[in-house]
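J.: with the sequence up front, the predicted model follows.
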Amino acid sequence: KWKDAYFKVREKIEQSGRDQRWEFDRKRLFERTDYMVACCNHIYDVAQVLEDFHNILGPELKAVTGDSQGIDEVLSRVDALVI
């Protein structure tokens, strides 16, 4: 949103013709925040996969297979991948 806000304000300033054109080094402006966005998206993806595993390896599967202990062991191994 920071990037979008920057470009909207820049466009308004340019369209008004009152002030000088905004020219800033885009790499310096956005490199860190773009990197953080990418990191947050990766963390979100990992969380989604963990949630999927917990949903798949849940009570219904335990009831169908009758192997609660085995499924709990698999869930523990899944959780250990990110801890």
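T.: The structure has been received and is ready for your questions. Numbers count the residues shown, from 1 in each chain.

J.: show me the helices in this protein, by range?
T.: With DSSP state H as the criterion, the chain has helices at 2-16, 26-56, 59-65, 68-80.

J.: helix 2-16 and the longest one, what's the angle between them?
T.: Between the axis of helix 26-56 and that of helix 2-16 there is an angle of 140 degrees, by axes from the mean of the first three to the mean of the last three Cα atoms, to 10 degrees.

J.: in helix 26-56, what counts as buried?
T.: Of all the residues in helix 26-56, those buried under the rule 16 or more other Cβ atoms under 10 Å are Phe53. Every C-beta, even on glycine, is put in place using the N, C-alpha and C of the backbone.

J.: now it against helix 68-80, angle please.
T.: Using the same axes, to 10 degrees: helix 26-56 against helix 68-80 is 170 degrees.

J.: returning to what we had before: how about TSV for the helices of the chain, with mean pLDDT added?
T.: Shown next, in TSV, are these (pLDDT from 0 to 100):
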stretch	mean pLDDT
helix 2-16	89
helix 26-56	95
helix 59-65	95
helix 68-80	95
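
J.: measure the residue most central in space within the chain to Phe7 for me?
T.: For the chain, the residue nearest the mean C-alpha position is Asn41 (2.0 Å; Cα atoms, centre = their mean). As judged by Cβ to Cβ, to the nearest Å, Asn41 and Phe7 stand 20 Å apart.
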